[in-house]
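> After the sequence you'll find the predicted model.
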Amino acid sequence: MSNKPCPFCYISEYILENESAYAIYDQYPVSEGHTLIIPKRHVADYFEATSEEKEALHSLV
C-alpha cells in the first residue's frame, strides 16, 4: 500500500454506514446519484477484504 494519505479518512458525513463500511456521494460522479461504497479498513482492493467486509459492502449496495 502507498504512503499517501487516504482521501477517505477525513470524510465524516455518510449516506449509509454499518460496522465495516460506509457510503458517500461521489464528488465527481459518472452519473447522477453515483455513490462510493468504502470499507472502513484500508485494503488495496476488493479482493483483499474479508468475507465479513464484503458482506458489509454488499449490504450497503
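That came in fine, so what should we check first? Since this is a predicted model, take the numbers as computed values, not measurements.
> In space, what's closest to the spatially most central residue of the chain - neighbours in sequence excluded?
Nearest residue to the geometric centre of the chain (C-alpha atoms, centre = their mean): Ile38, 0.5 Å. For Ile38, the nearest residue in space outside its immediate sequence neighbours is Phe8; the separation is 5.3 Å by C-beta to C-beta, 6 or more residues apart in numbering. C-beta coordinates here come from the backbone N, C-alpha and C atoms, glycine included.
> Show the pLDDT at Cys6.
Predicted confidence (pLDDT) for Cys6: 87.
> actually Gly33, not the one I wrote
Predicted confidence (pLDDT) for Gly33: 88.
> how many neighbours does it have?
Neighbour count for Gly33, taken as other C-beta atoms under 10 Å: 7.
> ok, now how distant is it from Ile15?
Using C-beta to C-beta, to the nearest Å, we find Gly33 at a distance of 10 Å from Ile15.
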